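Engineer: the following comprises the amino acid sequence and a computationally predicted model.
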Amino acid sequence: MGKLSRLSGCAALAAALLPLSSVAQEVHVGAPAPAFTATDSRGQTETLAQYRGKYVVLEWHNQGCPYTKKHYVSGNMQALQKEWTAKGVVWFTVISSARGEQGYVTPAAENEYLEKMHAVPTAVLMDAEAKLARLYNAKTTPQMVVIDPTGKVIYDGAIDDRPTDDPQDVHGANNYVYDALTEAMAGKAVSISYTRPYGCSVKYPD
């Protein structure tokens with residue numbers, strides 16, 4: 001397991017990665033993805049509608065969260081971003097931490113972080129008011145959502161099946177996002193379309 005004793009102000013949600021009831025799944029998986037408009041870290045307006053016809057990944061992010069750090073320190077998240085954007089997938093990192101809360105950053109600070117970590121998402125959506133997080137009922141960082149070219153949610157939940165904060169655990173993990181994109185692009189149904197997300201709680205504004 002990860003070093004949970006070192007977490008400060010970070011609610012660990014390492015629940016078993018089991019599907020919720022079908023009612024819970026209907027909120028997202030199999031339904032149209034909620035439309036959104038957001039401003040990215042470079043001041044550009046991004047909408048879901050403009051990427052109709054492409055796969056879209058939403059990745060909830062918090063620089064201070066050990067579970068998020070796990071996937072960046074190991075290079076796992078950057079590798080996923082690089083591989084899938086090269087295949088035409090639109091990858092949005094989403095920062096929904098409220099001002100003054102863990103994970104809140106200015107656009108300039110986020111752009112410096114991207115360069116430092118060699119991260120290559122399509123864009124980083126700045127969501128300090130948590131409008132996007134509420135639309136998608138985002139619970140943790142990281143939490144991953146995959147949307148298909150028709151605008152339907154085909155995956156929602158954890159990035160993988162290793163709910164720890166140990167960077168070594170990315171090796172040999174079953175990566176649900178990788179699997180969902182691989183299956184969908186091959187014309188197959190996504191075999192695991194919902195899991196419980198794990199990580200630090202999204203720092204919603206009061």
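Structural biologist: Cool, got the structure.
Engineer: so residue 155 sits against residue 190, correct?
Structural biologist: Yes: assessed by Cβ atoms under 8 Å, residue 155 is found in contact with residue 190 at 5.8 Å. Where you see a C-beta, it was placed from the backbone N, CA and C, and this is true even at glycine.
Engineer: how about residue 62, secondary structure?
Structural biologist: coil (DSSP: H, G, I helix; E, B strand; the rest coil).
Engineer: any idea how far the closest residue to it other than its chain neighbours lies from residue 92?
Structural biologist: Nearest residue to residue 62, sequence neighbours excluded (Cβ to Cβ, 6 or more residues apart in numbering): residue 103, at 3.3 Å. Look at residue 103 and residue 92: by Cβ to Cβ, to the nearest Å, they are 16 Å apart.
Engineer: one step back: pull the contacting residues for the residue nearest to residue 62.
Structural biologist: For residue 103, the contacting residues are 61, 62, 63, 64, 65, 95, 97, 141, 200, 203, by Cβ atoms under 8 Å, 6 or more residues apart in numbering.
Engineer: farthest-separated two in those residues?
Structural biologist: 95 and 200 (12.6 Å; Cβ to Cβ).
Engineer: show me the residue sitting in the middle of the protein in space.
Structural biologist: Central residue of the chain (Cα atoms, centre = their mean): residue 59, 1.9 Å from the mean position.
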